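S.K.: Following is a predicted model, sequence given first.
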Amino acid sequence: MGDNRNMFIAIGLSLAVIILWQFFFIEPRMEAERAAQRQEAIESAETTAITANAPTAGAAGATGDIPSAPQAAGAIPQPAAGAAAPSTTGEMATAASPRLPIETPRVDGSISLVGARIDDLKLKNYRVTVDPDSPEITLLAPLGTNNPYFVESGWVPQDPSIVVPKSDTLWTVEVGETLTPDTPVTLSWDNGAGLIFRRTIEIDENYMFRVRQTVENQTETAVSLYPFSRVRRQGHIETSGFFILHEGMIGIAGESGLHQEKYNDLQEAGTIDLPESKSGWLGITDKYWATTIIPEPGTSFRPRFLYAGNGNVPAYQADYLADPVEAAPGATAEAVGLIFAGAKRANMIRAYEDSYNIDRFNLLIDWGWFYFITKPMFFLIDWIYSHVGNFGVAILITTVLIKLLFFPLAQRAYTSMAKMKALQPKMVEMRERYKDDRMKQQQAMMEMYKKEKVNPLAGCIPILIQIPVFFALYKTIFISIDMRHAPFFGWIQDLSAPDPTSLFNLFGLLPYDPSTVPVIGHFLMLGVWPLIMGVTMWVQMKMNPAPPDPTQAMIFNWMPIFFTFLLASFPAGLVIYWAWNNTLSVTQQYVIMRRQGVKVELWDNITGIFRKSKQKGAT
């Protein structure tokens with residue numbers, strides 16, 4: 001009975017971990033993601049309406065909270081948190097905001113010529129839901145929507161009397177009609193006092209913008225200006241609310257490394273100054289998307305995170321102020337920066353890090369504390385996917401490879417379990433012989449284990465191996481945008497979402513949605529794959545003889561049912577992995593037991609259930 005007791009302990013520990021995981025993390029995450037999907041759909045509709053109707057310039061929040069020229073080395077004066085944004089006046093307050101279109105294979109949108117802001121960006125390859133007709137994901141949104149989100153660059157003069165372009169400045173298109181990977185655009189503005197400002201914006205075929213700012217000095221006096229860039233997001237932001245994933249402010253500041261601040265923490269702090277650096281980046285990250293500003297490598301800059309809420313409208317900002325550049329009389333000075341605004345695809349992020357020499361840009365993806373497991377697992381699955389074209393199949397193949405990796409350990413474990421079964425008669429005899437002396441009984445058994453070279457804890461090993469792999473795969477599926485809306489076969493159209501079918505409406509034959517049932521609706525979404533997983537788990541348990549203790553036997557009988565309901569709300573990719581892993585484990589255990597000459601209890605245990613049912617019916 002020792003192997004059953006150890007198996008019981010291992011399953012009990014696993015069950016406790018998964019129950020806590022489900023209660024504290026899975027349920028809140030699913031509700032938050034449903035809310036986020038609703039919000040994404042609303043924002044997409046709003047952005048389309050706002051840009052189609054050309055929003056007025058100078059909307060509230062467009063200006064203000066721009067870094068000021070340092071009063072002392074390394075210092076950036078900080079506006080008070082919650083300070084009201086200066087309002088615009090005169091002709092600009094009522095003029096319509098003209099726009100310059102953006103069109104690439106992966107994004108579309110527009111640039112507002114008021115402020116020269118990149119504030120309208122949709123991701124062509126990603127939809128709000130799996131429905132191909134659902135709205136495109138809206139990443140950046142202009143002022144006038146519920147959640148404005150934009151990127152802005154500019155200049156801060158060392159001499160406050162120098163007039164520079166501001167957030168309400170109307171720029172003129174000098175070169176280009178549409179921003180594409182092949183056609184950059186150049187905007188210009190003349191301050192009327194001898195300084196001509198130009199801004200050339202380029203974009204690649206994916207999500208990287210390059211902004212080159214120049215100032216042509218036609219005066220007889222040298223001019224010193226500080227270049228800045230900022231990402232600003234306003235409104236109430238829906239997050240996944242999941243502790244294993246960071247959403248909010250993020251950045252790298254040289255040797256100080258990674259800095260992450262959640263929205264609530266920044267709201268309490270007001271302003272967080274990061275160390276001055278010559279390498280790094282900063283911005284705002286979501287689960288799948290991010291917007292970051294990246295100074296030119298080698299340029300000294302002072303980064304910060306800023307809460308700039310006003311009344312009931314929260315506002316969050318990541319900005320940097322770079323060292324000043326000087327434009328001599330008759331000369332032109334320039335500053336260059338990058339902007340990443342798009343999907344956090346791992347291979348693309350890594351390619352950007354290498355090609356642009358961006359310091360630790362790969363940390364934009366939150367691989368977690370166990371990155372040494374999560375990252376290799378993702379890249380293995382992704383590599384297999386590149387050959388098979390289906391992430392679900394890639395997960396199945398990865399499971400086989402993991403089984404092969406741990407085969408020697410599992411082989412010893414199952415062999416030891418088989419030997420334990422062969423020793424069952426001796427163990428029963430010892431319990432009878434020393435039933436009044438527990439100490440002597442344990443000593444005798446330990447001597448027998450040592451003599452027969454059997455590990456009584458061997459039954460725990462297959463399950464304990466599975467726990468870290470399970471959570472690493474969960475993290476991979478959870479954070480990887482590649483898994484988002486990735487289909488398997490049949491009804492599974494999104495491996496990162498739960499199985500959409502339900503036993504309680506006969507898998508769609510009955511015309512009602514079980515999830516709408518009050519209180520228990522969530523638990524009624526018991527799909528096909530969770531049922532398959534439950535059956536494979538039940539078969540795996542029936543490979544071993546039933547525990548003689550009635551309580552243990554009852555728990556073992558109910559365990560597959562409990563796990564079936566518990567894992568029904570997990571991502572389908574994870575449930576498919578668990579079912580396939582159980583199937584491989586049953587096959588492996590069966591072969592090893594037969595080779596050891598031990599009787600496989602599977603068929604007897606299954607038929608025994610029906611014999612007991614008949615006996616009860618007869619009585």
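M.R.: Looks like it came in fine.

S.K.: how about the helices in the stretch 501-619 of the chain?
M.R.: 528-541, 550-567, 572-595, 602-618 (DSSP state H, counting those that start in this stretch).

S.K.: what's the pLDDT at His246?
M.R.: If you check His246, the pLDDT there is 91.

S.K.: Over to it. Which of the three states is it?
M.R.: Of the three states, His246 takes coil under DSSP: H, G, I helix; E, B strand; the rest coil.

S.K.: Surely it is in contact with Trp367?
M.R.: No. Between His246 and Trp367 there is no contact under C-beta atoms under 8 Å: 10.7 Å. Heads up, the C-betas are built off the backbone N, CA and C, glycines and all.

S.K.: which residues sit in contact with the residue lying closest to Ile365 once chain neighbours are set aside?
M.R.: Among residues not flanking Ile365 along the chain, Lys344 sits closest, at 5.3 Å (C-beta to C-beta, 6 or more residues apart in numbering). Neighbour list for Lys344: 285, 288-290, 364-365, 481 [criterion: C-beta atoms under 8 Å, 6 or more residues apart in numbering].

S.K.: So among those, where is pLDDT lowest?
M.R.: Scoring the contacts of Lys344 by pLDDT puts Ile481 last, at 91.

S.K.: tally of neighbours for that one?
M.R.: By the measure other C-beta atoms under 10 Å, the count of residues near Ile481 is 20.

S.K.: helix or strand for Asn347, which one?
M.R.: helix 346-355 (DSSP states H and E).

S.K.: Summarise which helices and strands that helix is packed against.
M.R.: Applying 3 or more C-beta pairs under 8 Å, 6 or more residues apart in numbering; DSSP states H and E, one finds that helix 346-355 contacts helix 371-388.

S.K.: Stretch 517-524 spans what distance, first to last residue?
M.R.: 8 Å (C-alpha to C-alpha, to the nearest Å).

S.K.: can you confirm Ala341 is in a strand?
M.R.: Yes. When three-state DSSP is applied, Ala341 is found to be in a strand.

S.K.: Quick check: chain neighbours aside, which residue is closest to it?
M.R.: That would be Thr291: by C-beta to C-beta, 6+ apart, it lies 4.6 Å from Ala341.

S.K.: Adding secondary structure, write the contacts of Lys344 out as JSON lines.
M.R.: Shown next, in JSON lines, are those (three-state DSSP):
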{"residue": "Thr285", "secondary structure": "strand"}
{"residue": "Tyr288", "secondary structure": "coil"}
{"residue": "Trp289", "secondary structure": "strand"}
{"residue": "Ala290", "secondary structure": "strand"}
{"residue": "Leu364", "secondary structure": "helix"}
{"residue": "Ile365", "secondary structure": "coil"}
{"residue": "Ile481", "secondary structure": "coil"}
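
S.K.: can you put the residues you listed in a markdown table and add distance to Glu268?
M.R.: Conversion of those to a markdown table gives the following (distance: C-beta to C-beta, whole Å):
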| residue | distance to Glu268 |
| --- | --- |
| Thr285 | 19 |
| Tyr288 | 26 |
| Trp289 | 25 |
| Ala290 | 23 |
| Leu364 | 24 |
| Ile365 | 26 |
| Ile481 | 30 |
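
S.K.: now, which of the residues you listed sits nearest Lys426?
M.R.: Ile365 (54.4 Å; C-beta to C-beta).

S.K.: The closest one: neighbour count?
M.R.: Counted with other C-beta under 10 Å, Ile365 comes out at 22.

S.K.: repeat for Pro105
M.R.: Neighbour number of Pro105 under other C-beta under 10 Å is 12.

S.K.: go on, His259?
M.R.: Residues lying near His259 (other C-beta under 10 Å) number 18.

S.K.: what comes up buried for stretch 431-447?
M.R.: 434, 441, 444-445 (16 or more other C-beta atoms under 10 Å).

S.K.: Backbone dihedrals for Lys124, please?
M.R.: Backbone torsions for Lys124, taken as degrees, to the nearest 10, come to phi -60, psi -30.

S.K.: Equivalent analysis for Ser112, please.
M.R.: phi -80, psi 130.

S.K.: per-residue pLDDT, it?
M.R.: In this prediction Ser112 is given a pLDDT of 95.

S.K.: tell me the mean pLDDT for stretch 482-489?
M.R.: 92.

S.K.: let me redo that: stretch 572-590
M.R.: On average, stretch 572-590 scores 90.

S.K.: Output that stretch in CSV, but only the C-alpha positions, please.
M.R.: Extracted C-alpha coordinates of stretch 572-590, given in CSV (Å, rounded to 0.1, in the frame of the first residue of the first chain):
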residue,chain,number,x,y,z
ALA,A,572,-7.5,24.5,-23.9
GLY,A,573,-3.8,24.1,-24.8
LEU,A,574,-3.0,23.2,-21.2
VAL,A,575,-5.9,20.7,-20.9
ILE,A,576,-4.8,19.1,-24.2
TYR,A,577,-1.3,18.8,-22.8
TRP,A,578,-2.5,17.2,-19.6
ALA,A,579,-4.7,14.7,-21.4
TRP,A,580,-1.9,13.8,-23.8
ASN,A,581,0.6,13.5,-21.0
ASN,A,582,-1.7,11.2,-19.1
THR,A,583,-2.1,9.0,-22.1
LEU,A,584,1.7,8.8,-22.6
SER,A,585,2.2,8.0,-18.9
VAL,A,586,-0.4,5.2,-19.0
THR,A,587,1.3,3.7,-22.0
GLN,A,588,4.8,4.0,-20.4
GLN,A,589,3.6,2.5,-17.1
TYR,A,590,1.8,-0.3,-18.8
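
S.K.: doesn't Leu574 make contact with Phe478?
M.R.: No. Counting by C-beta under 8 Å, Leu574 is not a contact partner of Phe478; they are 9.0 Å apart.

S.K.: ok, back up a step: which stretch in the helices of the stretch 501-619 of the chain has the least confidence?
M.R.: helix 602-618 (a mean of 60).

S.K.: Next, count neighbours for His387.
M.R.: 9.

S.K.: and what of the one 5 residues further on?
M.R.: For Gly392, the tally of surrounding residues (other C-beta under 10 Å) stands at 21.

S.K.: can I assume it sits in a helix?
M.R.: Yes. Judged by three-state DSSP, Gly392 forms part of a helix.

S.K.: surely it meets Leu495?
M.R.: Yes. Contact criterion C-beta under 8 Å: Gly392 and Leu495 qualify, at 5.8 Å.

S.K.: Pull up the overlap in contacts between these two.
M.R.: Counting by C-beta under 8 Å, 6+ apart, the residues touching both Gly392 and Leu495 are 486-488, 573, 576.

S.K.: Nearest the geometric middle of this protein, what residue?
M.R.: With distances taken as C-alpha atoms, centre = their mean, Ile479 lies nearest the centre of the chain, 2.8 Å away.

S.K.: Look up how far Thr285 lies from that residue.
M.R.: To Thr285, Ile479 is 11 Å away according to C-beta to C-beta, to the nearest Å.

S.K.: Are there residues contacting both of those two? Which ones?
M.R.: With C-beta under 8 Å, 6+ apart as the test, Ile479 and Thr285 both reach Asp366.
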